Structure formats: C-alpha cells, structure tokens
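**Q** let's see this in three dimensions:
(one chain, ligands or ions: 3)
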Amino acid sequence: MGKVHVLDHPLIQHKLTYIRDKDTGTKEFRELVDEVAMLMAFEITRNLPLQEKTINTPVMEAQTKVLAGKKIGLIPILRAGLGMVDGMLKLIPAARVGHVGLYRDPETLKPVEYYIKLPKDIEERELIVIDPMLATGGSANDTIHSLKKRGAKQIRLMCLVAAPEGVEVIKEEHPDVDIYLAALDDKLDDHGYIVPGLGDAGDRLFGTK
Ligand SMILES: O=P(O)(O)OC[C@H]1O[C@H](OP(=O)(O)OP(=O)(O)O)[C@H](O)[C@@H]1O
Ligand SMILES: O=c1cc[nH]c(=O)[nH]1
Ligand SMILES: [Mg+2]
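**A** Ligands and ions are numbered 1, 2, ... in the order given. Below is the predicted model of the structure:
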C-alpha cells in the first residue's frame, strides 16, 4: 500500500497558513506556492542515491559523495501544478518536465484531459506528479493511469493539500504510489472543494477569478 507522508516541517506549515488565507493576493500566493514547492522538494529528495567521488580539497585528497544521477521527471497537472514546477526545479535542476492538461468538469467533478506531452524516456525516470490539490482524486488518478499506460514504472504524487477522499482513491487504485502532502484536510464540500482547503488553486495562482 502506498504511504502517505505529511511534510510537517515548520517552514512548510508556516507558509501554508498564508497560502490558505483568503486575504493573500495573487502575487504573494504564487511566491508562497513556489517556496513551499522548493521546501517539499528538499524533503522528497531525501532518499536520492549517492555515489563515492574522490576530490582534492585544498588540504588533502578526500572521499566524498555526489548524486548518483537518478533520472527524475516532474509531471505538473495543468494549470495549478505549474505553480510548483519552478520551486522544485531550483533543487532538481536536471529534472525533465512533462505536462498533463486536465480540468475538472464543474458538474460531474470528472477530469477531462486536453493535453499531454512527456519526456521520451519516462520508463527510465522516477516521476513526481505535482498538483496543489488532491480533492476527489479524479485528476491525479487519471494522470497516473495515463503515465502507467505510457510505460512509467516509478511514480510519486506531491500535493499541497489533500482531502481524505482523494487519498483513498490513490491508495486503492495505485498502491505503488507514495503520496507527499503539506496537509491532509478534513473533507470535501458539496462542490468538491477541500475543507478547509485554500479555494481554487488555479484561479488564485493565475488571478482568473
Ligand atoms: O482531485 P480532483 O477532484 O480531480 O480535483 C483536483 C483538481 O482540481 C484542480 O484543477 P482544476 O480542474 O480547477 O483545473 P485548473 O488547475 O486548470 O484550475 C486542481 O488543480 C486539481 O487538478
Ligand atoms: O478545493 C479545491 C478542489 C479542487 N480544486 C481546487 O483548486 N481546490
Ligand atoms: Mg482550478
């Protein structure tokens, strides 16, 4: 069964509070999402493999470590996932980025796919699907199925805020996928919004409401 990790670093939790606050405007919201994504990338890369390297310090030859070059792919779900890409690339600059375009139909709450463009070698990469919101789980679930259908073998999911309903869907449909969150919230409301949540992530990031 996939594990759920709530990243409770104080800096993440502090910034998330201001992301949630309805009085935080678009510019600050975007900056905070970028910063939290960077902090989450720091936590999520904790297990990256290292290899030995011999270097010369100014004092002597030393055995040290460098990253073993594991290939990573970031897969933002459009639109809102885009707000987390740059922050993650600050720490994982060699990652390739694939885009999955989905919107959630406001009536049915079902995801509708409108775009997909992925790195060629996704089967060799560890993929991190990124989206600020995991609500019913439909969008992340469809994205992960889409990636697996195209050959992806290693996938993790990173979101800012999740509802228990969405987490259950991913755990059931994709027991091989670990989930990384800044917060696990209480529930969904009648319109499929996360409670207490942060509102509509895409609209708040791009100022479209
Ligand atoms: O778990 P779900 O119930 O599928 O809901 C979550 C999805 O809803 C939001 O996207 P939205 O449809 O608002 O598209 P946008 O990012 O373009 O605004 C959010 O960014 C997720 O992708
Ligand atoms: O609370 C929610 C649920 C889905 N999408 C959002 O942007 N916010
Ligand atoms: Mg939206």
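
**Q** closest point of the chain to ligand 3, which residue?
**A** Relative to ligand 3, the nearest point of the chain is G202 (3.1 Å; CB to the ion). In short, each C-beta sits where N, CA and C put it, glycine included.

**Q** if I pick that residue, what's in contact with it?
**A** R79, A80, T208 (CB atoms under 8 Å, 6 or more residues apart in numbering).

**Q** can you tell me the helix or strand for the closest residue to ligand 1 within the chain?
**A** Evaluated by CB to the nearest ligand atom, the chain has G202 as its residue closest to ligand 1, separated by 2.3 Å. Element membership of G202 [criterion: DSSP states H and E] is helix 201-206.

**Q** do the lengthiest helix in the chain and ligand 1 meet at all?
**A** Ordering each helix of the chain by length in residues (DSSP state H) puts helix 26-44 first. No: Helix 26-44 does not reach ligand 1 (CB under 6 Å from any ligand atom); its nearest approach is 11.3 Å.

**Q** contacts for that helix?
**A** Looking at what lies outside helix 26-44 - CB under 8 Å, 6+ apart - the contacts are 5, 7, 9, 11-12, 15-16, 18-19, 24, 83-88, 90-92, 128, 130, 132, 156, 158, 160, 180, 182, 201, 204-207.

**Q** could you do stretch 57-73 as well?
**A** In contact with stretch 57-73 (CB under 8 Å, 6+ apart) are residues 48-56, 92, 94-98, 118-119, 121-122, 124-128.

**Q** start and end of that stretch, how far apart?
**A** Stretch 57-73 has an end-to-end distance of 33 Å (criterion: CA to CA, to the nearest Å).
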